[in-house]
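Visitor: take a look and give me a structure for this.
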Amino acid sequence: MSQDKPLLTVEHLTMRFGGLVANNDVSFVARAGEITALIGPNGAGKTTLFNCVTGFYTPTVGRLTLRHPDGTEHLLERMPGYRIAQQAGVARTFQNIRLFSGMSVLENLIVAQHNKLMRASGFAIAGLLGLPTYRAAEKQALDLAKYWLDRVKLTDFADWEAGNLPYGAQRRLEIARAMCTEPVLLCLDEPAAGLNPRESADLAEILTFIRDACNPNGRQTGVLLIEHDMSVVMRISDHVVVLDYGRKISDGDPEHVKNDPAVIRAYLGEDEDAALPTAAAAGSKGA
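Guide: Presented below is the predicted three-dimensional model:
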């Protein structure tokens, strides 16, 4: 995809819940082959925006355009949620892990390819008859699952029940499962939450691989990321969008954003002495 054609274009997105405005006139772009981080204090509207992109909410106002490499455009705000995953090629993980804990690690990755396998089976007929087209599709699904197991370093755990994996490994499995749907846009909601520094480093390595490499289908994936771990965000992001009270307050590369006074105020507040009388401010500094 040409870099002058963004993968995702968010235009004037507003999401209201009665009198509460969760997102207020937010616009930005995300590109294929890049990691776009969405950051901001708690309650800034980040997850609400994700829910609009992935079809859990229909925005009150705004347009969400997803452009595929072949030039096909999908207006996400007009699509039912299940179609966004199935047809538009948007995959998502959540703050809380949602694996099939009683299935094996490998089975989790095969199940993620259910739609593709159902089409190949002629909605069960070809599968029941064991036709060559379905057997070929099964092999492709298994090969893709093995590919991502290797990428997230879980090949040795393929037969484990997913619920028995350590927490960090479950996080990696969830990303691998999302990538088995071969998305054009991968949306990750706080993937580093609860990880220790080593696990966060492993996560950063996986995300940069997803950004830099093509899928087995030869297509680049764009990553849209919500994250509170600023060490991860600033290390791997190409583009950072900052929200505060539902509004976009900054938009640029990590260096620009971390030095933006509006971002510093949003995270740290105003200078603690700014509102104090002169004498009180002087006294507090001498205390």
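Visitor: C-alpha from now on. contacts and neighbour counts both.
Guide: Noted.
Visitor: next structured bit after the lengthiest helix in the chain?
Guide: In the chain, taking DSSP state H as the definition, the longest helix is helix 132-151. Using DSSP states H and E, the helix or strand that follows helix 132-151 towards the C-terminus is helix 167-179.
Visitor: mind listing what's buried along that following helix?
Guide: Neighbour-count burial for helix 167-179 flags 168, 169, 170, 171, 172, 173, 174, 175, 176, 177, 178, 179 (criterion: 16 or more other CA atoms under 10 Å).
Visitor: same check on stretch 258-265?
Guide: Across stretch 258-265, burial judged by 16+ other CA under 10 Å covers 258, 262, 263.
Visitor: narrow the residues you listed to those in helices?
Guide: Those of the buried residues of stretch 258-265 lying in helices (DSSP H): 258, 262, 263.
Visitor: how about the residues you listed in a markdown table, adding distance to residue 243 and pLDDT?
Guide: Converted to a markdown table, those look like this (distance: CA to CA, whole Å; pLDDT from 0 to 100):
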| residue | distance to residue 243 | pLDDT |
| --- | --- | --- |
| 258 | 13 | 89 |
| 262 | 10 | 92 |
| 263 | 9 | 91 |
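Visitor: wait, doesn't residue 155 sit right on residue 172?
Guide: No: Residue 155 is beyond contact range of residue 172, at 11.8 Å (criterion: CA atoms under 8 Å).
Visitor: related to what we said a few turns ago, wait, which of the buried residues of helix 167-179 is closest to residue 240?
Guide: residue 175 (20.7 Å; CA to CA).
Visitor: for that closest one, which residues are in contact?
Guide: Applying CA atoms under 8 Å, 6 or more residues apart in numbering to residue 175 gives the contacts residue 93.
Visitor: and if you look at residue 186?
Guide: Going by CA under 8 Å, 6+ apart, residue 186 touches 90, 91, 92, 178, 179, 221, 222, 223, 224.
Visitor: and it, how close does it get to residue 94?
Guide: Distance, residue 186 to residue 94, by CA to CA, to the nearest Å: 11 Å.
Visitor: in terms of pLDDT, where does the spatially most central residue of the chain sit?
Guide: In the chain, the centroid-proximal residue (CA atoms, centre = their mean) is residue 187; its distance is 1.8 Å. Looking at residue 187, its pLDDT reads 96.
Visitor: ok, it to residue 141 distance?
Guide: Per CA to CA, residue 187 is found 22 Å from residue 141.
Visitor: over to residue 242?
Guide: According to CA to CA, residue 242 and residue 141 sit 38 Å apart.
Visitor: which residue ranges of this protein form helices?
Guide: Along the chain, counting by DSSP H, helices occupy 46-53, 81-83, 105-111, 114-120, 125-129, 132-151, 167-179, 197-212, 230-236, 254-258, 261-268, 278-286.
Visitor: including distance to residue 70, could these go into CSV?
Guide: Formatted as CSV, these follow (distance: least, CA to CA, whole Å):
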stretch, distance to residue 70
helix 46-53, 20
helix 81-83, 18
helix 105-111, 26
helix 114-120, 20
helix 125-129, 30
helix 132-151, 22
helix 167-179, 19
helix 197-212, 19
helix 230-236, 27
helix 254-258, 30
helix 261-268, 37
helix 278-286, 61
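Visitor: out of these, which is closest to residue 69?
Guide: Once these are compared by CA to CA, helix 197-212 is nearest, at 15.1 Å.
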